[in-house]
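S.K.: below is the sequence, then the predicted model.
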Amino acid sequence: MTLLPAIFLAASLTAAPVPLRTAGGPAARSGEAESAGACFAVVCLDADLLACSPCGASLLEFNRTVPPDILEERVVGVLSFREDAAVPDPRKARLARTRWTGYCRANGIRFRAAVDETHALDPLSERGMTILLFDAGAGILKRWTAPFGPGVLEDIIRSLSVKKQL
Amino acid sequence: MKHRLVFALFVLSAAAVFAAGKDLPAVRVGLEELAAIGGPESDALFLWTGISVDRDGNVYFSDALDCSLKKFGPDGALLKRAGRKGRGPGEFDKPVGLAVVGERVYAWDLYDRSVQVFDRDLDYRLTLPMPGSVDALAVLPGGEIAACVRASLVLTKVVVFRPDGTPVREFDLTDPKDEMAPGSISLAVDPSGAAYYGYLFRNLVEKRSLDGERIWSREILGAGPGVSGNVQGIPLPAETCILSLARDGRGRLFVLGGSAAGRPGRDVFVLGPEGAVLGSFVLPEPSHSVYFDHRDFLYVSADGGVTMKKYRVTFK
C-alpha cells in the first residue's frame, strides 16, 4: 500500500495555500507559520459508514476531545468510498464529499477532509477509522485504529501539541 | 424543483422475469422522470430516509445524516430546515421517517421511543411517547394514526392513537416467540382502513384488517433471507427482503425488493388489492424507498439517498 496520498495531504497542511479539494467542515486555511515543522494527523474514514451511529462514536469522541485549534490546523481527514474498480464513477467521490458536508453540519466536525480518489488508503478505513501521526518530514510516527483504548486521545493531543522550534 | 428534460423510460419486465427464480407475469411500466431534489453537487439532501408530500405539493424529508427535517416547495426550493442532533424536543439522533397528516408532521427516530410532532412549517409542537422505536406510521380513514412500533428485537406492535397522542388500541404484529427478527416494517393503508405490511427480514407481504386480523399474506421473492449470525441468541438474516411498500390511488401495491431480490433496491413488484402479483419492473437506480403522493406520483431515492426523483408511472 502506498502512503503517498496521505503524505501529500499531511504535507499540504504546512504549505500555503492548501491545494486540497476539501469537503465541508471548516473552510480551508492557508498555511500558518507556527504550524511549520510540527506533527500532523491524518484521519482515515469510510464515507459510507458516516450514517452508522455506532461506527462514528470514535470519530465524534476525537472531534470532541481534541482542542479546536489543533483540529483546524493539524488534522486532516481522508475519506474512502466504495467503487467498482472496473467501472470508476466520478459521482461516487462527489457523493462522499456531499455526505461529509452533511455529517459535519450535524456533528460540528472541525477538521477538513479530502476524498481519496486513488483508494490507496481504503484499507485504513475498512474497520471504521485509523489515525496516522506524521512528523514534519511526512514520516509516520504512530498509528491508532478505533476504537481507541485508554489514553490514546491524550497521546494524540500531546503529540499534536508539540511544536518544533523554528 | 429542478425540472429535468422529460425522460421516458419504459422498463419492460421481459416475458420471463426472474425474481429470485420466480416467474412473474409481464408488466410494462413507463417511468417518466418529472423532477429531482438534491444530487451529488447539492447540499440539499445528504441521506434522506423518510418522505411525505402534503396537499399543497410541498415535499418533506427526514435526513439521517444532518439530523434534520426539510421542507421543499412544489418547485423544489428549500423552504425550511428544522431539527439538529440531540435527544431533546425538536432534536434527532437518526431520523428515519416522517408523515404529514393534515396540519401536522409526525417524525420518528431510530433510537427514540417516541414520535415528535411538528406543524407544517416544521415548528416543533410536542412529543408522543411510544412503547418502542417506530418503523412506520400511516393515517387511518377516520383520522386515527397507526404506527408500527418495535417493542423488542422480535416483537413489533401496531399502536393506534388519535392525532393528539391518545392511545386507542394496539395489537402484536409479530409473534414474540418468533425465532427470526422481522427487521423494520413498512406500512401502507387503504381507504377501508386495511393495512399492508412488508418485512425487511422476511419474504412476506401481508394485508390485515384494522384489528390486525390477517386477510392474506404473500411471499414475493423466491426464497427467504437465510441466516448470517445471531444477536442475543436471535438469528440475523443474511439478506434484506422488503425494503419498502406503497399503495397508489388505484389500489395497487408497489413492493420494493431488497438484496434477496434479483436487483436490490431496483426490483419493484406490483400487487393487486387481493395480493395477486401483477408483475414487476425495475427502477433505473437503487432506492431505499417507494412513496406515492395523493396525485399518484412516485418518489424514490437515488445516489444513495442524496437525491430524490419523482416519476409519473404509466401502465401499458
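M.R.: Structure's in. What do you need?

S.K.: helices or strands next to the lengthiest helix in chain A in the packing?
M.R.: Secondary structure of chain A per DSSP state H: the longest helix is helix A:90-107. Packed against helix A:90-107 by the contact rule (3 or more C-beta pairs under 8 Å, 6 or more residues apart in numbering or on different chains; DSSP states H and E) you find helix A:53-65, strand A:75-80, strand A:112-115, strand B:84-85. No exception for glycine: its C-beta is placed from N, CA and C like everyone else's.

S.K.: ok, 6 Å please
M.R.: Counting contacts by 3 or more C-beta pairs under 6 Å, 6 or more residues apart in numbering or on different chains; DSSP states H and E, helix A:90-107 packs against strand A:112-115.

S.K.: thinking again about what came up before, the longest helix of chain A vs helix A:53-65, what angle?
M.R.: 60 degrees (axes from the mean of the first three to the mean of the last three C-alpha atoms, to 10 degrees).

S.K.: and residue B:134, how many neighbours?
M.R.: Residues near residue B:134, counting by other C-beta atoms under 10 Å in any protein chain shown, number 25.

S.K.: by proximity to chain A, which residue of the stretch 1-150 of chain B wins?
M.R.: residue B:46 (2.8 Å; C-beta to the nearest C-beta).

S.K.: contacting residues around that residue?
M.R.: A:99, A:102, B:63, B:65-66 (C-beta atoms under 6 Å, 6 or more residues apart in numbering or on different chains).

S.K.: show me where chain B dips below the pLDDT cut-off.
M.R.: Applying pLDDT under 70 to chain B flags residues B:1-26, B:224.

S.K.: report the mean per-residue pLDDT for the longest helix of chain A.
M.R.: Taken as a whole, helix A:90-107 has an average pLDDT of 93.

S.K.: using PDB, write out every CA atom in that helix.
M.R.: Extracted in PDB, the C-alpha atoms of helix A:90-107 (Å, rounded to 0.1, in the frame of the first residue of the first chain):
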ATOM      1  CA  PRO A  90     -16.700  10.200 -10.500                       C
ATOM      2  CA  ARG A  91     -20.200  10.600  -8.900                       C
ATOM      3  CA  LYS A  92     -19.100   8.400  -6.100                       C
ATOM      4  CA  ALA A  93     -16.400  10.700  -5.000                       C
ATOM      5  CA  ARG A  94     -18.800  13.700  -5.200                       C
ATOM      6  CA  LEU A  95     -21.300  11.800  -3.100                       C
ATOM      7  CA  ALA A  96     -18.600  11.100  -0.400                       C
ATOM      8  CA  ARG A  97     -17.900  14.800  -0.300                       C
ATOM      9  CA  THR A  98     -21.600  15.600   0.000                       C
ATOM     10  CA  ARG A  99     -22.100  13.100   2.800                       C
ATOM     11  CA  TRP A 100     -19.200  14.600   4.700                       C
ATOM     12  CA  THR A 101     -20.700  18.100   4.400                       C
ATOM     13  CA  GLY A 102     -23.900  16.800   5.900                       C
ATOM     14  CA  TYR A 103     -22.100  14.900   8.600                       C
ATOM     15  CA  CYS A 104     -20.100  18.000   9.600                       C
ATOM     16  CA  ARG A 105     -23.200  20.100   9.700                       C
ATOM     17  CA  ALA A 106     -24.900  17.900  12.200                       C
ATOM     18  CA  ASN A 107     -21.900  17.000  14.300                       C
END
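
S.K.: relative to the whole chain's centre, how far out is stretch A:93-108?
M.R.: 13 Å (C-alpha atoms, centre = their mean, to the nearest Å).

S.K.: who touches it?
M.R.: A:23-25, A:47, A:50, A:79, A:81, A:113, A:115, A:117, B:40, B:43, B:46, B:65-67, B:85, B:303, B:306.

S.K.: now stretch B:76-95
M.R.: Contacts of stretch B:76-95 (C-beta under 6 Å, 6+ apart): A:53, A:106, B:1-2, B:37, B:62, B:64, B:67-73, B:107, B:109-111, B:122, B:124.

S.K.: and stretch B:273-293, anywhere near chain A?
M.R.: No. On the criterion C-beta under 6 Å from any C-beta of the partner chain, stretch B:273-293 is out of touch with chain A, staying 10.7 Å away.

S.K.: looking at strand pairing, list the partners for the residue nearest to the spatial centre of chain A.
M.R.: When C-alpha atoms, centre = their mean is applied to chain A, the residue found nearest the centroid is residue A:77 (1.8 Å). Residue A:77 has these beta-bridge partners by DSSP bridges: residue A:43, residue A:113.

S.K.: who are the neighbours in contact with it?
M.R.: A:43, A:45, A:111, A:113.

S.K.: from these, which is closest to residue B:162?
M.R.: residue A:45 (44.7 Å; C-beta to C-beta).

S.K.: near chain B, which residues of chain A?
M.R.: Going by C-beta under 6 Å from any C-beta, the residues of chain A near chain B are A:51, A:53, A:91, A:94-95, A:98-99, A:101-103, A:105-106.

S.K.: can you put these in CSV and add neighbour count?
M.R.: Formatted as CSV, these follow (neighbours: other C-beta atoms under 10 Å in any protein chain shown):
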residue, neighbour count
A:51, 19
A:53, 13
A:91, 15
A:94, 19
A:95, 24
A:98, 29
A:99, 28
A:101, 20
A:102, 25
A:103, 27
A:105, 21
A:106, 22
